[in-house]
Structure formats: structure tokens, C-alpha cells
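In: give me a model of this one.
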Amino acid sequence: MAEFKIDDTVDITDVVCPLTFVKAKVAIEELEDGQVLSVKMNDGEPVQNVPRSLKEEGHQILKLLDNGDGTYNLLVKKVEE
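Out: You can find the predicted model right below:
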């Protein structure tokens, strides 16, 4: 994880779709262009939907890290429209 400088982290393991994406979107909107957000999420629906939705918003998906405990950390770089 050290190859990316993480500017902010949001934990969405306590919310369910579609709030997972909403919470991630709000967090990334608070960042400056080019900053990196780490989104901690549960396996399953969030892992399938959140990266796709953020990519559709125009942001850059850097990496999806398996934490080995049923959660993942998604690294997303904010890209201004």
C-alpha cells in the first residue's frame, strides 16, 4: 500500500447499497483533484458496484486490496471533471 500516498480514508463497511456509493462519493468530493481516497468496504455487492460507480464518475481506480477478513480497500484517485 506504500506506493500510493493516501490522503483520506472512508469506512463504508457499516452501510449497505446504495448508501455505500453515496458515502464514498461524498468522501471523494471533499478531496482535491489528484488526491487518493482509500475506501474500506465489505466483499460482495460493494466490491462490484462502488469501483464501477466511481469510475463512471470519472475517477481513477488505482488498486483493490483484499484485507483477508471479508473486507477490501479500494484506492481511488480523484479526477476533476
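
In: so K5 sits against V36, correct?
Out: Yes: shown here, K5 and V36 form a contact pair, counting by C-beta atoms under 8 Å, at 6.2 Å. Quick note: C-beta positions are derived from backbone N, CA and C, even for glycine.

In: more crowded one of these two?
Out: V36 (19 against 7; other C-beta atoms under 10 Å).

In: surely that one meets D7?
Out: Yes: if you go by C-beta under 8 Å, V36 and D7 touch, sitting 5.4 Å apart.

In: okay, now the unreliable bits of the chain?
Out: By pLDDT under 70, the low-scoring segments of the chain are 1-2.

In: recalculate using a threshold of 90.
Out: Within the chain, the stretches with pLDDT under 90 are 1-4, 16-18, 80-81.

In: give me the secondary structure label for the residue sitting nearest the centre point of it.
Out: In the chain, the C-alpha nearest the mean C-alpha coordinate belongs to V39, at 3.6 Å (C-alpha atoms, centre = their mean). Following DSSP: H, G, I helix; E, B strand; the rest coil, we place V39 in the strand state.
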